[in-house]
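Enquirer: Using only what follows, build the 3D model:
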Amino acid sequence: EEVMNPAIREPVVAGTFYPMDRSELSRQLDHLVAVDPERHQLLACVAPHAGYMYSGGVAGRLFGHLDLPRRVVVMGPNHTGMGADVSVAPHDQWQTPLGPQEVDRELAEAVLARDPDAVGDAHAHWREHSIEVQLPFLRRRRPDVVILPIALKHISLDRCLQLGETLAFLADGLGEPVGFVASSDMTHYRPDDVARDLDHHAISALLARSPEDLYDTVHRMGISMCGVIPATVALAAANALGASSAHLEAYSTSGDTSGDYSSVVGYAGVCIHE
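Expert: Numbers count the residues shown, from 1 in each chain. Predicted coordinates for the structure are as follows:
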């Protein structure tokens, strides 16, 4: 059993999902992230978390469209099943190939103090890739970004809405803007036409900015959107902070990369803004 340093979280998918070498990763980000002249300030977004070969194009277009505040809450699904339902990263920093990434301890402590479900838990983050893959894109767009990673298991709609309200309340009290990134892939391992159809329903709920409709649609239609919980929470937080509009910035499936359309994963880049 590896000993975890409670202060520093080491990357787990550098070298597989994205390059471990700093200059190689920088070159890949140069290629993927084209800065859009017509940008929105990040209030909330849904960004994919697969290997950059597959979802990096969608993520790059999304983050190229966003101007980031200094403080960003990054929420991802808990794929490993380890740790608490709502696991706030207890670390001081996350190591990345682009250098150490500072964690927002002030906001972390505020969330832990205010949300009864939130636990400072390293286990949920130890082997989880969904938040880690967002960090190079965030650092590329805002080198001084400070992050708060939160890993979420499958919680009820009420708990999602409550956490979203809590995050919005705390963000509102900081005196500076906070952005929310929900890490999620869309439909998993269905034929391309089926995936696109199912994803259209989930994306429609996102664009309507309805956390209730998103949660209900994904469950009712059996859409295998792994980050439905982070996306529901991010929508609730964004709405409480005055979101008034949303659009789909980019969408593709793994078939667009692999050429195999018989079983694909969908990737969406959704921007929710004031």
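
Enquirer: Surely Gln162 is in contact with Asp115?
Expert: Yes - counting by C-beta atoms under 8 Å, Gln162 touches Asp115, with 7.5 Å between them. Using the backbone N, CA and C atoms, a C-beta is placed for each residue, glycine as well.

Enquirer: tell me the contacts of Gly266?
Expert: 185-188, 195-196, 198-199, 251-253 (C-beta atoms under 8 Å, 6 or more residues apart in numbering).

Enquirer: To which secondary structure element type does it belong?
Expert: strand (DSSP: H, G, I helix; E, B strand; the rest coil).

Enquirer: Same check on the one 4 residues further on?
Expert: Val270 falls in the strand class when you classify it by three-state DSSP.

Enquirer: Which secondary structure element is home to the closest residue to it other than its chain neighbours?
Expert: Spatial nearest neighbour of Val270, excluding adjacent residues (C-beta to C-beta, 6 or more residues apart in numbering): Val46 at 4.2 Å. Remark: Val46 resides in strand 44-47, with elements defined by DSSP states H and E.

Enquirer: Now whichever helix or strand comes after that strand: buried residues?
Expert: Sequence order places helix 52-64 as the next helix or strand after strand 44-47, per DSSP H and E. Under the neighbour-count criterion of 16 or more other C-beta atoms under 10 Å, helix 52-64 has 52, 54-64 buried.

Enquirer: Equivalent analysis for stretch 105-119, please.
Expert: Going by 16+ other C-beta under 10 Å, stretch 105-119 has these buried residues: 107-108, 110-111, 115, 118-119.

Enquirer: picking that back up, closest to Asn239 among the buried residues of helix 52-64?
Expert: Minimum distance to Asn239 across the buried residues of helix 52-64 is 19.7 Å, recorded for Leu62 (C-beta to C-beta).

Enquirer: just to revisit the earlier point, from the contacts of Gly266, which land in helices?
Expert: If you go by DSSP state H, the contacts of Gly266 have 195-196, 198-199 in helices.

Enquirer: List just the nearest of those residues to Arg39.
Expert: When those are compared against Arg39 (criterion: C-beta to C-beta), the nearest one is Asp199, at 24.5 Å.

Enquirer: Quick check, the closest one in contact with Met221.
Expert: No - with contact defined as C-beta under 8 Å, Asp199 does not count as touching Met221 (10.4 Å).

Enquirer: Now pLDDT and distance to Val264 too, for the buried residues of stretch 105-119, in JSON lines please.
Expert: What follows is these, written out as JSON lines (pLDDT from 0 to 100; distance: C-beta to C-beta, whole Å):
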{"residue": "Leu107", "pLDDT": "98", "distance to Val264": "36"}
{"residue": "Ala108", "pLDDT": "98", "distance to Val264": "36"}
{"residue": "Ala110", "pLDDT": "98", "distance to Val264": "40"}
{"residue": "Val111", "pLDDT": "98", "distance to Val264": "35"}
{"residue": "Asp115", "pLDDT": "96", "distance to Val264": "36"}
{"residue": "Ala118", "pLDDT": "97", "distance to Val264": "35"}
{"residue": "Val119", "pLDDT": "97", "distance to Val264": "35"}
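
Enquirer: In strands, which of those residues appear?
Expert: Among these, DSSP state E puts 118-119 in strands.

Enquirer: Inside helices: which ones of the buried residues of stretch 105-119?
Expert: Using DSSP H, the members of the buried residues of stretch 105-119 that fall in helices are 107-108, 110-111.

Enquirer: what's Leu235 in contact with, if anything?
Expert: 44, 164, 182, 206, 209-211, 214, 243, 272.

Enquirer: Among the residues you listed, which are located in strands?
Expert: Per DSSP E, the subset of these in strands is 44, 182, 272.
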